[in-house]
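*Asks:* With the input below, show me the fold.
(2 chains)
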There are 2 protein chains.
Amino acid sequence: MDIKTYLRDGKESVDSFFRRYFKEQRRPAVLQESMLYSLFAGGKRIRPILAMAAYEACGRSAAEIVPYAATLELIHTYSLIHDDLPAMDDDDLRRGKPTNHKVFGEAVAILAGDALLTEAFCILSDPSFCPSVRGDDLLQASKEIASASGAQGMVAGQVQDILSENAEPDGETLQFIHRHKTAALIRASVKAGGILSGSGGETIDALTRYGENIGHAFQVVDDILDVVGKTEELGKTVGSDEKINKMTYPRLYGLERSRGIAEQLVSDALSSLDIFSSEADSLREIARYLLARRN
Amino acid sequence: MDIKTYLRDGKESVDSFFRRYFKEQRRPAVLQESMLYSLFAGGKRIRPILAMAAYEACGRSAAEIVPYAATLELIHTYSLIHDDLPAMDDDDLRRGKPTNHKVFGEAVAILAGDALLTEAFCILSDPSFCPSVRGDDLLQASKEIASASGAQGMVAGQVQDILSENAEPDGETLQFIHRHKTAALIRASVKAGGILSGSGGETIDALTRYGENIGHAFQVVDDILDVVGKTEELGKTVGSDEKINKMTYPRLYGLERSRGIAEQLVSDALSSLDIFSSEADSLREIARYLLARRN
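*Replies:* Alright, predicted model coming up:
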């Protein structure tokens, strides 16, 4: 398989769903514009693609769950809009474009984030989107996604991140931040894909371990890229984390050891997939891709 | 029936659920404190009580669905926290207490709102909370609640409200704001209660009409109270809507005609309940209470 083609096709099926879903112009226009501005600001749709690849690893066809997989991008996008707000990281650029509040103002940006988050659950509570998914599995996947996004997942990580600005770096706090802020939703993406297929037991356990490891690796690589990446490749101001004294891996462990940690995590992720046959090859390639990515 | 006792008991069962649900101290502590600060800031739990009363009107026992009903208060509370933010209405007081961002800062207030919204869907995707509810009905109720809260419901109303500040009042825009910002979630509360009971057809239609009418009446009465209420009774700065030139019923139609509109809406709400027997008496009393309330 060619991973670049796979990722491009996955992104296209998610984008195509969004175009259909948001086709009708809703009122007020500025709310929809603001939501779509960030939704189509260049995201790679990694989380939906992970959910679809996990569903495939369970022997199913990814096309069956595109709408549910796409909800992970709605939630990820909402979190970026809120993270960028002046009260949070106060970022002017995201993926090389002005952040949502820079274009639409703070009030609309906050509300567009709220609306994207809510829209995810509009879709996740509607069985008509994906008739091949059982109602009980849909509820369980939805629970997984909601838990990973909220006060025991992503939001907890973001609050801890803010609390830790300018604090002395310590490994335990850094782990807590990354495990919650980034890894939780990535793990839930993989796990939800498995759950939606109707799989259970050791299949879900293996997918969960894979998701946990690549979620963690993803954030370590992000931290490394923030130090060594070029502004044009990353689309945000390089060193912006260091500027506000964010707790990061390179800051705590140095670059070389951080790279070693990322490699070990991806290696562990690959081992978790040993129970799967070639149907999990997409998941394997994605793990290698995440380690090698430059932006 | 005594409506005051009914409301007090309903509030107590919701509060008691929240105390159990949030019993374990989660990390970071400040996030949970911020969430609970607004959740226990004196809300009357009208939306959960409406859901429970609608469930009762369908011949069931309200105690069976307290957790799902309570999610409506989580969503309502999140919306108040975000509405009060400096970027929105910039309110310092809510129900006589400092608003969330005044106590915890803007960043934590935004995230506590995000977490409360997400928590609602953690509960609504978990069938184990209310075993007497069928999975399909849970999904349908959840869909109803999510739709009423998002870009085609409450958030749309709030965006339009902000866009209309200092604008010339017009009836059509005012209707849009109120129908979305307040009435949508109140209607969904009533309708979700009916759906959770497994009812369908004309029962749900009647509950929807009731919910639509009292939701609308609720906001008209709120507008009136904002003009005539005493600060100590209402717990917020009286006239605060007028201060920032919000579009309101009294501003557009005057006080007397606004009162007439509220009375008509409640009368229509009561007529919608004609197909029900005495099992809908709680819904009837709540409608009368909402019209007569002083805060």
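*Asks:* quick one: the one helix or strand A:Phe18 maps to near chain B?
*Replies:* A:Phe18 belongs to helix A:3-21 when assigned by DSSP states H and E. No: judged by C-beta under 8 Å from any C-beta of the partner chain, helix A:3-21 stays clear of chain B, getting no closer than 11.1 Å. Just so you know, the C-beta spots here come from the backbone N, C-alpha and C atoms, and that holds for glycine as well.
*Asks:* Just give the closest residue to A:Val266, not the sequence neighbours.
*Replies:* Counting by C-beta to C-beta, 6 or more residues apart in numbering or on different chains, A:Leu291 is the residue found nearest to A:Val266 once chain neighbours are left out, at 4.7 Å.
*Asks:* what separates that neighbour from B:Met35, distance-wise?
*Replies:* Using C-beta to C-beta, to the nearest Å, one obtains 37 Å as the distance from A:Leu291 to B:Met35.
*Asks:* So those two - more neighbours on which side?
*Replies:* B:Met35 (30 against 19; other C-beta atoms under 10 Å in any protein chain shown).
*Asks:* what's the helix or strand for the more buried one?
*Replies:* Applying DSSP H and E as the criterion places B:Met35 in helix B:29-39.
*Asks:* Now stretch A:195-214: average pLDDT?
*Replies:* Mean pLDDT, computed over stretch A:195-214, is 97.
*Asks:* what about it, distance to the chain center?
*Replies:* Centroid displacement of stretch A:195-214 relative to its chain, using C-alpha atoms, centre = their mean, to the nearest Å, is 17 Å.
*Asks:* quick one on the thing from earlier: can you tell me what sits against the helix holding A:Phe18?
*Replies:* Helix A:3-21 has contacts (C-beta atoms under 8 Å, 6 or more residues apart in numbering or on different chains) with A:36, A:39-40, A:44-45, A:48-49, A:52-53, A:62-63, A:66-67, A:69-70, A:73, A:123, A:282, A:285-286, A:288-289.
*Asks:* Now do it: distance to the chain's middle.
*Replies:* The chain centre lies 15 Å from the centre of helix A:3-21; the measure is C-alpha atoms, centre = their mean.
*Asks:* Tell me the buried residues in that helix?
*Replies:* A:Tyr6, A:Leu7, A:Gly10, A:Lys11, A:Ser13, A:Val14, A:Asp15, A:Phe17, A:Phe18 (16 or more other C-beta atoms under 10 Å in any protein chain shown).
*Asks:* backbone phi and psi for A:Lys97, please?
*Replies:* For A:Lys97, the backbone dihedrals (degrees, to the nearest 10) come out as phi -120, psi 160.
*Asks:* and the gap between it and B:Ser142?
*Replies:* According to C-beta to C-beta, A:Lys97 stands 34 Å off from B:Ser142.
*Asks:* Please identify which of these two sits among more neighbours.
*Replies:* Neighbour tally, A:Lys97 and B:Ser142, criterion other C-beta under 10 Å: the higher count belongs to B:Ser142, 27 against 16.
*Asks:* Neighbours of the residue lying closest to that one once chain neighbours are set aside, how many?
*Replies:* Closest residue in space to B:Ser142, ignoring its immediate chain neighbours: A:Ser125 at 3.8 Å, by C-beta to C-beta, 6+ apart. If you count neighbours by other C-beta under 10 Å, A:Ser125 ends up with 24.
*Asks:* now swap in A:Lys44 and tell me
*Replies:* By other C-beta under 10 Å, 16 other residues sit near A:Lys44.
*Asks:* and it, what does it touch?
*Replies:* A:Lys44 makes contacts with A:Leu7, A:Lys11, as judged by C-beta under 8 Å, 6+ apart.
*Asks:* How far away from the center of its chain is stretch A:257-269?
*Replies:* Offset of stretch A:257-269 from its chain centre (C-alpha atoms, centre = their mean): 19 Å.
*Asks:* State which helix of chain A is the longest.
*Replies:* Counting residues, the longest helix in chain A under DSSP state H turns out to be helix A:201-228.
*Asks:* ok, and what's touching stretch A:127-135?
*Replies:* Stretch A:127-135 is contacted from outside by A:60, A:64-68, A:123, A:138, A:141, A:196, A:198, B:135-136, B:139, using C-beta under 8 Å, 6+ apart.
*Asks:* how much space between the residue nearest to A:His216 when sequence neighbours are not counted and chain B?
*Replies:* Computed as C-beta to C-beta, 6+ apart, the closest residue to A:His216 that is not its neighbour in sequence is A:Ala183, at 4.8 Å. Distance from A:Ala183 to chain B, counting by C-beta to the nearest C-beta, to the nearest Å: 16 Å.
*Asks:* wouldn't A:Ala183 be in contact with A:Val220 here?
*Replies:* No: with contact defined as C-beta atoms under 8 Å, A:Ala183 does not count as touching A:Val220 (9.9 Å).
*Asks:* quick revisit: any buried residues in the longest helix of chain A, and which?
*Replies:* Under the neighbour-count criterion of 16+ other C-beta under 10 Å, helix A:201-228 has A:203-204, A:206-227 buried.
*Asks:* okay, and for chain A, where does confidence drop off?
*Replies:* In the predicted model, chain A carries pLDDT under 70 at residues A:230-245.
*Asks:* Which other helices and strands does the helix or strand hosting A:Phe121 contact?
*Replies:* Per DSSP H and E: A:Phe121 is located in helix A:106-124. Where contact means 3 or more C-beta pairs under 8 Å, 6 or more residues apart in numbering or on different chains; DSSP states H and E, helix A:106-124 is packed against helix A:29-39, helix A:66-84, helix A:100-104, helix A:135-149, helix B:66-84, helix B:106-124, helix B:135-149, helix B:154-163.
*Asks:* Report the angle between the first one and helix A:106-124.
*Replies:* The reference is to helix A:29-39. Between helix A:29-39 and helix A:106-124, the angle comes out at 70 degrees (axes from the mean of the first three to the mean of the last three C-alpha atoms, to 10 degrees).
*Asks:* does any bit of helix A:29-39 sit next to chain B?
*Replies:* Yes: among the residues of helix A:29-39, A:Val30, A:Leu31, A:Gln32, A:Met35 lie within reach of chain B under C-beta under 8 Å from any C-beta.
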